[in-house]
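1. Kindly generate the corresponding structure for this input.
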Amino acid sequence: MREIPGRRRRLWFRQSEEPALLGAALTCATEWQWPVLPGVGLKATTGRDSRSGQDQGCACPDPECVVPGAHPFDPGILAASTDERMIRWWWTNRPTAPIMLATGGTAPCALSLAAIAGARALTALDAMGMRLGPVVATPTRWSLLVAPYSLERLGELLYAKDWVPSSLRFHGEGGYLVLPPSETGTGQVRWERAPAQSPRLRSGRGEPVAASVAPWLPDVEAVVDALVVASNGAPDGGSRLTY
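-> Numbering: from 1, shown residues only. Okay, the predicted model is just below:
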């Protein structure tokens, strides 16, 4: 079943009276079994600062933080959890904290590109008929979620390639990714492609089998291969996914 280019998926989150960030964190952790934790967030700003139009500063001690608000700090990445009580405690105490996904292990991994390159990549992959999983968009980077992979497999995959797009980054085991509807120092985090439920399978007798609760994710090798193909063939002989 191929994806229909240009069609946005219906947002698939619990409908409740929960605050948006808490509700999204609970969906990720308890329904999809994605381990999450609160990100460091942003510094409180005065009314004058908030109207300045400049990026907000990170709440971490580094005054020159390059990913303001969009990284773990306290707790650290190893604290990521799928426990409902822990999620509720975190976001009850810090209701505006960004949602951080701890990538790798049994959780999704991701490939990310600079925002301009990411938009070009999605257009190219749609034209190729490539089925994609969820895509997270921030004002600076777009991230394509993929099925979990090990660092060993990633190394073998990259070793076999003559070249990969220079703007590509890998978020695997030990890494993290900020999820919607978080707010970071560079702006709002959103779903460019919202998570879609895994398709129903059929038994040998043709009877439907219950769908997996977690969103469907593509294999990393298929996505990397498609990105390499999409990137080749720029008029000047370079990459179509430069930025």
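2. Quick check, Gln33 in contact with Ala80.
-> No - here Gln33 lies out of contact with Ala80, judged by CB atoms under 8 Å, at a distance of 11.5 Å. Backbone N, C-alpha and C define where each C-beta goes, glycine included.
3. So for those two, which sits in the more crowded spot?
-> The neighbour comparison of Gln33 against Ala80 (other CB atoms under 10 Å) goes to Ala80, with 22 against 12.
4. now the end-to-end length of stretch 74-85.
-> With CA to CA, to the nearest Å applied, stretch 74-85 spans 18 Å between its terminal residues.
5. State the mean pLDDT of that stretch.
-> Averaged over stretch 74-85, pLDDT sits at 96.
6. Could you do stretch 99-108 as well?
-> Mean pLDDT, computed over stretch 99-108, is 96.
7. first to last residue in that stretch, what's the distance?
-> Start-to-end span of stretch 99-108 (CA to CA) is 14 Å.
8. what sits up against it?
-> Stretch 99-108 has contacts (CB atoms under 8 Å, 6 or more residues apart in numbering) with 21, 24-25, 28, 33-39, 70-72, 77, 80, 109-110, 133-134, 145-149, 171-180, 182, 217.
9. are any of those buried, and which?
-> Neighbour-count burial (16 or more other CB atoms under 10 Å) applied to the contacts of stretch 99-108 gives 21, 24-25, 28, 34-39, 70-72, 77, 80, 109-110, 133-134, 145-146, 148-149, 171-173, 175-180, 182, 217.
10. Spatially nearest residue to the residue most central in space within the chain, not counting backbone neighbours?
-> Against the mean C-alpha coordinate of the chain, by CA atoms, centre = their mean, the closest residue is Val136 at 4.4 Å. In space, and not counting its chain neighbours, Val136 is closest to Ser143: 4.4 Å by CB to CB, 6 or more residues apart in numbering.
11. helices or strands up against the helix or strand encompassing the one you found?
-> Using DSSP states H and E, the element containing Ser143 is strand 141-146. In terms of contacts (3 or more CB pairs under 8 Å, 6 or more residues apart in numbering; DSSP states H and E), strand 141-146 is packed against strand 109-114, helix 115-127, strand 135-137, helix 220-231.
12. Mind telling me which of these the model trusts least?
-> The bottom spot among the helices and strands packed on strand 141-146, by mean pLDDT, belongs to helix 220-231, with a mean of 88.
13. Thank you kindly, that will do.
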